[in-house]
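Novice: Predicted model and sequence below, questions to follow.
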Amino acid sequence: MSRGEHGSAIPEEGSLILRVTVDAVIAWDPCSEYSRDRIESLFAGRHELSAVDIIELEIPIDDRLWAAVRTDLIDESTIRLWSADCAERVLGLFEKVIPDDNRPRQAIEAARAYARGTISIEEMYAAWSAAWDAHRDAAWDAERDAAGDAERDAAGDAAWSAAWSSAVRAAWSAAWSAAVRAGWSAERDAAWSAAGYAAVRVARDAEREWQCDQLLSRLRGGVQL
């Protein structure tokens, strides 16, 4: 391994960057809340951090995932498999509203198959395109209620993003889908009231915590391919 201009490791052909330095994190251009001093304090005297180290930091969930889920810390196959896990968690919300449309499920299956090397990139893109069509078709269906629209659309977007390997978007959409479902159930007659918002926040954070735990399990070998 050689060192880049920002102090991060540069992989040789066929290898992966598994850890990052303070300078590498700063080069990612985090939000202003994360100054050099703040980042150094999070490193707590360590020269480098791994994805596992970052996920275990005591910072907001979204910030942990933003920093950890990137291909200079985690191999692409693991990211694809994890994003499929996130999407599959809320797939039932889509299928409950549109039970006869299996395109999002097939996109998730294709994302996993491509990560395992059993289908070609062309086949994965075909599944991604079909999932996008399903997501678009569902969004134009005006006969569903507002909550059904929101949770179905977010679940469909999660499946599409998983196939496209937009891991952070897939995870965010999955969390949003779960959150909308909880918020609507909590206050159906006065949607998005204070009670609804509180339920949304709780459900979203719970889903994001599950996503962090699932990613840790995959990184530690607790989840099989």
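Specialist: Structure received. Keep in mind that this is a model prediction, so the values were computed, not measured. Numbering: from 1, shown residues only.
Novice: Show me which residues of the helix or strand harbouring Gln211 are buried.
Specialist: Using DSSP states H and E, Gln211 sits within helix 194-219. By 16 or more other C-beta atoms under 10 Å, the buried positions in helix 194-219 come out as 196, 199-200, 203-204, 207-208, 210-212, 214-216, 218-219. C-beta here means a position set from N, CA and C on the backbone, and glycine is covered the same way.
Novice: nearest to Leu91, of the residues you listed?
Specialist: Glu207 (13.3 Å; C-beta to C-beta).
Novice: That closest one and Asp85 touch, don't they?
Specialist: No. Glu207 is beyond contact range of Asp85, at 11.7 Å (criterion: C-beta atoms under 8 Å).
Novice: Ala52 and Val202: what is the separation?
Specialist: I think there's a mix-up here, since residue 52 is Val and not Ala. 26 Å (C-beta to C-beta, to the nearest Å).
Novice: Specify which residues of the protein, grouped into ranges, have pLDDT under the cut-off.
Specialist: The model of the chain has pLDDT under 70 over residues 1-17, 135-200, 222-225.
Novice: ranges for the strands of it?
Specialist: 2-3, 9-10, 19-20, 49-50 (DSSP state E).
Novice: What count of nearby residues applies to the residue nearest to Asn102 when sequence neighbours are not counted?
Specialist: The shortest distance from Asn102 to any non-neighbouring residue, by C-beta to C-beta, 6 or more residues apart in numbering, is to Glu95 (8.0 Å). The number of residues packed near Glu95 is 17, by other C-beta atoms under 10 Å.
Novice: Also Ala115?
Specialist: Quick note: Ala115 (other C-beta under 10 Å) scores 22 neighbours.
Novice: Now for it: which residues touch it?
Specialist: 76-78, 80-81, 84, 225 (C-beta atoms under 8 Å, 6 or more residues apart in numbering).
Novice: Just the buried subset of these, please.
Specialist: Counted by 16+ other C-beta under 10 Å, the contacts of Ala115 give 78, 80-81, 84 as buried.
Novice: hmm, back to that, list the helices and strands the helix holding Gln211 packs on?
Specialist: Where contact means 3 or more C-beta pairs under 8 Å, 6 or more residues apart in numbering; DSSP states H and E, helix 194-219 is packed against helix 51-55, helix 61-68, helix 76-89, helix 167-186.
Novice: Quick check: end-to-end length of stretch 46-58?
Specialist: 15 Å (C-alpha to C-alpha, to the nearest Å).
Novice: Name the surrounding residues that touch that stretch.
Specialist: Under C-beta under 8 Å, 6+ apart, the answer for stretch 46-58 is 18-21, 25, 42-43, 64-65, 67-69, 73-74, 212, 215-216, 219-220.
Novice: Tell me the one among the contacts of Ala115 nearest to Pro60.
Specialist: So of these, ranked by how close each gets to Pro60 (C-beta to C-beta), first place is Thr78, at 22.5 Å.
Novice: what's the distance between the residue lying closest to that closest one once chain neighbours are set aside and Val52?
Specialist: Of all residues not flanking Thr78 in the chain, Arg218 sits nearest, at 5.5 Å (C-beta to C-beta, 6+ apart). From Arg218 across to Val52, the span is 10 Å (C-beta to C-beta).
Novice: Fine by me, we can end here.
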